[in-house]
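# here is the input, now give the coordinates:
(one chain, ligands or ions: 1)
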Amino acid sequence: METKLSKEKLEYFKKKLEDRKKELEKALTYVARKNPANPEDWETVEPDMNVMVSDKNELADIFEELENRAAIGDKLEERLNLVKDALERIEKKTYGVCETEGEMIDEKRLEVFPSAKNCIKHAKKYK
Ligand SMILES: [Zn+2]
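As a prediction, this is how the structure comes out:
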């Protein structure tokens, strides 16, 4: 199913996703380092809580919600993978298409959750 989003919109969401990707990778460096044997994998390290607390961005909720740094690392990695998947869908021109039934995801939803794979109706398991 091909996306119905305009080229401009795709560029817009691509930029948004790339910013999110950088942010997540930066946040991951506080709690984990890349596994030298497998650069796609991250290993948990002692986090610098001071840096994390002073880094006031939308990831603050993750840090607040999860005390365990391994859990934080997993959560960040999970989000990072969602963002990478979304960037791939932009390349394949399937971005914004609900993977359940192939209808377009509401743009307002993509605005708040640019890595969404499903429309709101089909999104229960992704929150
Ligand atoms: Zn759907």
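# ok now the longest strand anywhere in the chain, how far from the chain's centre?
Longest strand of the chain, by residue count under DSSP state E: strand 38-44. With CA atoms, centre = their mean, to the nearest Å as the basis, strand 38-44 stands 16 Å off its chain's centre.
# run through the helices of the protein in chain order.
Ranges of helices in the chain, per DSSP state H, are 7-31, 49-54, 60-65, 69-91, 107-112.
# where among those helices is the average confidence lowest?
Of all the helices of the chain, helix 49-54 carries the lowest average pLDDT, namely a mean of 54.
# phi and psi next, for the closest residue to Ala123 other than its chain neighbours.
Excluding its sequence neighbours, the residue lying closest to Ala123 (CB to CB, 6 or more residues apart in numbering) is Ala116, at 6.7 Å. Where you see a C-beta, it was placed from the backbone N, CA and C, and this is true even at glycine. Note on Ala116: backbone dihedrals following degrees, to the nearest 10 are phi -60, psi 140.
# wait, Ala116 touches Arg109, no?
Yes. If you go by CB atoms under 8 Å, Ala116 and Arg109 touch, sitting 5.7 Å apart.
# more neighbours: the two, which one.
Ala116 (23 against 16; other CB atoms under 10 Å).
# from Thr100, how far out is that one?
According to CB to CB, to the nearest Å, Ala116 stands 11 Å off from Thr100.
# for the ion, what are the nearby residues on the chain?
98, 100-101, 119, 122 (CB under 5 Å from the ion).
# now, those that are in strands?
Short answer: these have none in strands (DSSP E).
# filter the residues you listed down to the buried ones, PyMOL style.
If you want just the buried ones from the residues of the chain next to the ion in PyMOL, going by 16 or more other CB atoms under 10 Å, the selection is:
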select buried, resi 98+119+122
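# show me what the longest strand of the chain is packed against.
strand 32-35, helix 69-91 (3 or more CB pairs under 8 Å, 6 or more residues apart in numbering; DSSP states H and E).
# just how off-centre is the longest one within its chain?
Yep, that's helix 69-91 we're talking about. Distance, centroid of helix 69-91 to centroid of chain: 4 Å (CA atoms, centre = their mean).
# what inclination does that helix have with respect to strand 38-44?
Orientation of helix 69-91 against strand 38-44 (axes from the mean of the first three to the mean of the last three CA atoms, to 10 degrees) gives an angle of 150 degrees.
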